[in-house]
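Undergrad: Provided below are the primary sequence and the corresponding predicted coordinates.
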2 protein chains.
Amino acid sequence: MTEELLLTNFRKHIAITDAEFDMVLKKLIPKKIKRKQFFLHEDQVAKDVAFVISGCLRSYSIDENGFEHILQFAPSEWWMTDMYSFVSQQPGNLNIDALEDTEVLLLSRKNQLELFDHCPPLERYFRILTEKSLVSTRQRLINNLSLTALQRYQNFCTIYPTLIHTLAQKQIAAFIGVTPQFLSKLKNER
Amino acid sequence: MTEELLLTNFRKHIAITDAEFDMVLKKLIPKKIKRKQFFLHEDQVAKDVAFVISGCLRSYSIDENGFEHILQFAPSEWWMTDMYSFVSQQPGNLNIDALEDTEVLLLSRKNQLELFDHCPPLERYFRILTEKSLVSTRQRLINNLSLTALQRYQNFCTIYPTLIHTLAQKQIAAFIGVTPQFLSKLKNER
């Protein structure tokens, strides 16, 4: 079941044989993260990238004044890590926790790089996912620079349709960069 | 000379044979873009990604109020395109122009994808560059959410050390997201 979810996800983007998929599967480690528990703390090295089977992860940074700024949510079928730390294998500056009980498959950077040598479709898969991720992060950056809070909220609804009704309003507000009170006002004005 | 700049850049990141490099070279088209001329207009499809040999490109969006928001600068040895449009081959929302007379090598998405099949090191090269680009874009997003204008200016100086003295102040201000007057005040207060 778990394996099928991942295989289906792979085959949305690339052609991969059963033998190649088995090679990848052998390197994945299943893990459960309870609600409010951490997958990663800032100043730790992100050894792994996590594929979310069920539940939802959240990555965020905390600024000098103690305010949380949410970078990303990862519901089912999303990958999540601190990319800076994962790529450089240096301590990062993101916290990643679970918003609900979450099941993930972990792939270490070391195993990922080894698999890139022995299973080229996996490198293609991550090349494509990284391109998509870059596109959406750049778009969010442009949005934060130029859109109104209402337009940013509408974008959030487009990117994360499954999260609009399940996420706490304060989480959505922190992602958009407004207070929960302001978000509530926005939604009432629509 | 031009070819060596690219080969040196490749070999910073990947192992590539001379034969493989020749395969890539055959797909590149040299182009000159004069100062203030456009490489791409919003609503066009970004067929190509450009490797900057000399000069400097700039990508930006224009919001509903006519304000420019700069996404990226590409001095020598940087790649530049509208990633959304390049990856999807749909019309994009970025403008890309030359801040000075600029020489580039163009690689079309079609040729890039063909080369990924026949020259796997090139796919690895772009996988690595896209990872780095994602890391820096996410960091900039976090910075815009959480850092002061002064800290954002200091980050700009770290990312683009060669541009601090050559770029117009209004360009740097637009990148950081402040007015040129505010940037000048910031620099005087340091």
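TA: That came in fine, so what should we check first?
Undergrad: isn't A:P120 up against B:C119?
TA: No: counting by Cβ atoms under 8 Å, A:P120 stays clear of B:C119, with 11.8 Å between them. Using the backbone N, CA and C atoms, a C-beta is placed for each residue, glycine as well.
Undergrad: pretty sure A:R124 is touching B:E123, no?
TA: Yes: between A:R124 and B:E123 there is a contact at 6.4 Å, judged by Cβ under 8 Å.
Undergrad: okay, and the common contacts of the two?
TA: With contacts defined as Cβ atoms under 8 Å, 6 or more residues apart in numbering or on different chains, the residues adjacent to both A:R124 and B:E123 are B:F116.
Undergrad: about what we covered before: A:P120 and B:C119 - which one has more neighbours?
TA: Comparing A:P120 with B:C119 by other Cβ atoms under 10 Å in any protein chain shown, the one with more neighbours is B:C119, at 20 against 17.
Undergrad: what sits against the more buried one?
TA: B:16, B:20, B:23-24.
Undergrad: A:D43 now?
TA: A:91-93.
Undergrad: just to be sure, it is in a helix?
TA: No: per DSSP: H, G, I helix; E, B strand; the rest coil, A:D43 lies outside any helix segment and is coil.
Undergrad: next one: phi and psi at it?
TA: Dihedral pair for A:D43: phi 80, psi -10, per degrees, to the nearest 10.
Undergrad: what's the pLDDT at it?
TA: A:D43 is assigned a pLDDT of 94 by the prediction.
Undergrad: do A:R190 as well
TA: On the pLDDT scale, A:R190 gets 68.
Undergrad: before we move on, the earlier item: from the contacts of A:D43, pick the one nearest chain B.
TA: The nearest member of the contacts of A:D43 to chain B, counting by Cβ to the nearest Cβ, is A:N93 at 7.6 Å.
Undergrad: once you drop chain neighbours, what's closest to the closest one?
TA: Residue nearest to A:N93 in three dimensions, not counting chain neighbours: A:E42, with 5.1 Å by Cβ to Cβ, 6 or more residues apart in numbering or on different chains.
Undergrad: tally of neighbours for the one you found?
TA: A:E42 has 16 nearby residues by other Cβ under 10 Å.
Undergrad: and what of the one 3 residues further on?
TA: A total of 15 residues lie near A:V45 under the criterion other Cβ under 10 Å.
Undergrad: residues in contact with it?
TA: A:85, A:89-92 are the contacts of A:V45 under Cβ under 8 Å, 6+ apart.
Undergrad: list the residues that contact A:W79.
TA: A:49-52, A:129.
Undergrad: for it, what are phi and psi?
TA: phi -100, psi 150.
Undergrad: please name the bridge partners of it.
TA: Bridge pairing for A:W79 (DSSP bridges) gives the partners A:F51.
Undergrad: quick check, pLDDT for it.
TA: A:W79 is given a pLDDT of 97.
Undergrad: spell out which parts of chain A neighbour chain B.
TA: Taking Cβ under 8 Å from any Cβ of the partner chain as the contact definition, chain A meets chain B at A:61, A:63-64, A:67, A:69, A:71, A:83-84, A:87-88, A:93, A:116, A:120, A:123-124, A:126-127, A:130-135, A:137-142, A:144-147, A:177.
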